[in-house]
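Trainee: Sequence plus predicted model, see below.
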Amino acid sequence: MRIQRWNLVFLIGFVVYVCIRGVFNQRTKNNEKTVSRVDALEKTLIAIVILGGLLLPVVYLFTPWLAFADYHLPAFAPWCGMVLMVMALWLFWRSHADLGQNWSVTLELRKGHQLVKGQIAIAIQLHQFGGNRTQPEALPHHRTPPGSEPHTQARCCRLPSLLALRCRTSSR
């Protein structure tokens, strides 16, 4: 692992992210599911999240395979990234906490499922995607310099595309 201060900060945030997901996964694993809409699209979206949000950061931190794309950012950028990461982790935790036993990784309803109203879940549409997508990109360990056209445009299009696909699936 290339031990640098900001990589260590990212790793701590990454571990917190995985722990939040693990705790809520453990709490809801015995829920009796009454409706499950896990189809090929849902599995594909989960695979994309695992690859881009979990696997690639680990590859970057623990191998030299992606070092060819490293670049330098202004000194304030990591501080901004840390603030964004903390906010994203809070949002991720808060959304899970608000959903409580109604939370699931995929599109599922449990026995006794209730509509969650009045919390952050309502304030931010599809909040977990927002929290989940912000966290891995928060710190400037990512390779693409700001404004680099192909990657920046792809990143800007990726989230709306995933949200549109997910909304279409969840409204069926």
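Mentor: Done, it's in. Numbering: from 1, shown residues only.
Trainee: the strands in the chain, which residues?
Mentor: Taking DSSP state E as the criterion, the chain contains strands spanning 33-36, 108-110.
Trainee: Same list as before, those that is, but in JSON lines and with mean pLDDT and distance to Met82 included.
Mentor: (Each C-beta comes from the backbone N, C-alpha and C, glycine too.) Shown next, in JSON lines, are the strands of the chain (pLDDT from 0 to 100; distance: least, Cβ to Cβ, whole Å):
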{"stretch": "strand 33-36", "mean pLDDT": "88", "distance to Met82": "38"}
{"stretch": "strand 108-110", "mean pLDDT": "86", "distance to Met82": "34"}
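Trainee: Pick the most deeply packed of these.
Mentor: Sort the strands of the chain by mean neighbour count, taking mean count of other Cβ atoms under 10 Å, and strand 108-110 sits at the top with a mean of 17.
Trainee: Give me the sheet partners of it and which way each runs.
Mentor: strand 33-36 (antiparallel) (DSSP bridges).
Trainee: low-scoring stretches of this protein, by residue?
Mentor: Residue ranges of the chain with pLDDT under 70: 1-2, 118-119, 121-172.
Trainee: need the helices for it, in chain order.
Mentor: Using DSSP state H, the helices of the chain run over 5-28, 40-49, 56-62, 77-99, 120-123, 127-138, 149-170.
Trainee: Redo the strands of the chain as a markdown table? Include distance to Ala75.
Mentor: Converted to a markdown table, the strands of the chain look like this (distance: least, Cβ to Cβ, whole Å):
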| stretch | distance to Ala75 |
| --- | --- |
| strand 33-36 | 48 |
| strand 108-110 | 45 |
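Trainee: of all those, which lies closest to His72?
Mentor: Between His72 and the strands of the chain, the shortest separation by Cβ to Cβ is 44.4 Å, and it involves strand 108-110.
Trainee: What lies in contact with the closest one?
Mentor: Strand 108-110 is contacted by residues 28, 31-38, 101-102, 104 when judged by Cβ atoms under 8 Å, 6 or more residues apart in numbering.
Trainee: and Leu84, how many neighbours does it have?
Mentor: Leu84 has 16 neighbouring residues, counting by other Cβ atoms under 10 Å.
Trainee: What of Phe24?
Mentor: Neighbours of Phe24 under the rule other Cβ under 10 Å: 21.
Trainee: In contact with it, which residues?
Mentor: The contact partners of Phe24, by Cβ under 8 Å, 6+ apart, come to 96, 103.
Trainee: Tell me how far it lies from Leu99.
Mentor: As for Phe24, its distance to Leu99 is 8 Å (criterion: Cβ to Cβ, to the nearest Å).
Trainee: Then Arg21?
Mentor: For Arg21 relative to Leu99 (Cβ to Cβ), the value is 12 Å.
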